[in-house]
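Trainee: predicted model follows, preceded by the sequence.
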Amino acid sequence: MKNLTVSASPHVVQKNKTTRGIMLDVLIALAPALVMAVLYFGYHVLLNAIVCMGSCFAFELLYTLILKKDFSKKAVKSSSCWDCSCLVTGLILALNLPRVITVKSWDFNVYRAMPNIEGVRAVDYVAFSGDTLILCVVASLVAIVLIKMLFGGIGKNFANPAATARVFLFLAFGLTWANTTGLGNVLPASTGATWLSGDKLTNADNLFVNLFIGNRGAAAAGETCMIALAVGYLYLSIRKVIDFRIPLIIVGSAAVFALLFDGLPNKLSGARLINNMAAHVMSGGLVFGSVFMATDYSTSPNTFWGNVLFGVGIALFTMLIRVFGGYPEGMSFAILIMNAAVPLIDKFIYPRPFGYFKKPKEKPLKTPDSPLPYNETEKGGIKA
């Protein structure tokens, strides 16, 4: 009897299905995107990741200690920061930012001597960007304190912290997103304007190859390499951390909306129509957001069909902003809009209780001697 254990149904223990285990899986899935971003854009991306992850960890630890009014060693060990969710937020935030962020009114950047090349901007040769690191700390504060902890911590935040922090930086500071080739990069990347901000109706040479391997401009470092994102998606799907269907629904819906909103109205046909649709899917943060942000447990619906509606809504708003809005990318905005709609989705689309079945409607019969309906389930009873 001493070896018997009483546990809640269904009496199944899944290995590593703890918050910490899930977050470590997400960090592993993000590793390929981080490695490729560093290879393409240099050490700046790694610095951004270290600052964002360290700031998120420090802010969550400090918040929990202040809230408990206890700064003892025991309080530090019991802080929620050790579940690694703050590290995931920090890494996703860093990969949602460009290599270098510049603020015109600030002067915290150290520039390398420019070569005598016409048309090359000084920001192309930033050796160290204080602007970027300061804004990484500010964005981490917004993500952890304002969006996550003030609403009760993990599982209680209403919006994706990383997406909110990215949008905050864009709207609050009017930033110059200078994601050009950095010092120390290993792979040669053509990092000019993204396909979304250029002439989308033209077909560049080797467009899809460049988008697939990442040898193409990107607004954020983590959006660069589709191969790395695919590896992360497969890892999370195999580990059953995410529902593999949700990213596919978002990407597939976005392809349809790109066809309806951008391809057909511009009278594209044949290969150009398909190329335009595929480039929309592979450009910007659509794939990254679909895999690592739209699948967030806290800010997505609780049911599969709710997630289907959630994913289609993200794809719809993303394409509406891209095609008809004044901003070439809309994934972060779309995620935040649909985050706000999650309570409404859960209100009307909810799971069926276990063991529930709908009782078939009984058809009342009439007795020969009475016009009143007769219910066969009630022996000899007359139901008015």
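Mentor: The structure has been received and is ready for your questions.
Trainee: need the strands for this protein, in chain order.
Mentor: 100-102, 109-111, 126-129, 176-178, 365-366, 373-374 (DSSP state E).
Trainee: and the longest helix belonging to the chain, how far out from the chain middle?
Mentor: Longest helix in the chain by number of residues (criterion: DSSP state H): helix 43-68. Mean C-alpha position of helix 43-68 versus that of the full chain (CA atoms, centre = their mean, to the nearest Å) differs by 19 Å.
Trainee: then stretch 261-279?
Mentor: 26 Å.
Trainee: tell me which residues of it come out buried.
Mentor: 261, 262, 263, 268, 273, 275, 276, 277, 279 (16 or more other CB atoms under 10 Å). C-beta: built from backbone N, CA, C; applies to glycine.
Trainee: of those, closest to residue 254?
Mentor: residue 277 (8.9 Å; CB to CB).
Trainee: from memory the closest one sits against residue 257, does it?
Mentor: No. Counting by CB atoms under 8 Å, residue 277 stays clear of residue 257, with 9.4 Å between them.
Trainee: which stretches of the stretch 1-150 of the chain have low pLDDT?
Mentor: The stretch 1-150 of the chain contains residues with pLDDT under 70 at 1-16, 104, 112-125.
Trainee: revised request: answer the last question for the stretch 201-350 of the chain.
Mentor: 201-207, 215-219.
Trainee: which stretches of it form helices?
Mentor: 207-213, 226-238, 245-258, 270-282, 286-292, 304-324, 331-348 (DSSP state H, counting those that start in this stretch).
Trainee: so of those, which one's packed in deepest?
Mentor: helix 286-292 (a mean of 28; mean count of other CB atoms under 10 Å).
Trainee: re the thing from before, what is the longest helix of the chain packed up against?
Mentor: helix 19-41, helix 73-77, helix 85-95, helix 130-141 (3 or more CB pairs under 8 Å, 6 or more residues apart in numbering; DSSP states H and E).
Trainee: run the chain-centre distance for the first one.
Mentor: The chain centroid and the centroid of helix 19-41 are separated by 13 Å under CA atoms, centre = their mean.
Trainee: same question, the shortest one
Mentor: When C-alpha coordinates are averaged (CA atoms, centre = their mean), helix 73-77 and its chain have centres 31 Å apart.
Trainee: identify each buried residue in that helix, please.
Mentor: By 16+ other CB under 10 Å, helix 73-77 has no buried positions at all.
Trainee: CA atoms only for it, dumped as PDB, please.
Mentor: The C-alpha coordinates for helix 73-77 follow below in PDB (Å, rounded to 0.1, in the frame of the first residue of the first chain):
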ATOM      1  CA  LYS A  73      17.500  33.800  -0.900                       C
ATOM      2  CA  LYS A  74      14.400  31.700  -0.500                       C
ATOM      3  CA  ALA A  75      12.300  34.300  -2.200                       C
ATOM      4  CA  VAL A  76      14.800  34.500  -5.100                       C
ATOM      5  CA  LYS A  77      14.600  30.700  -5.600                       C
END
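Trainee: make 857 the first number, not 1, from now on.
Mentor: Sounds good: first residue 857 from here, last item helix 929-933.
Trainee: helices or strands next to that helix in the packing?
Mentor: By 3+ CB pairs under 8 Å, 6+ apart, helix 929-933 packs against helix 899-924.
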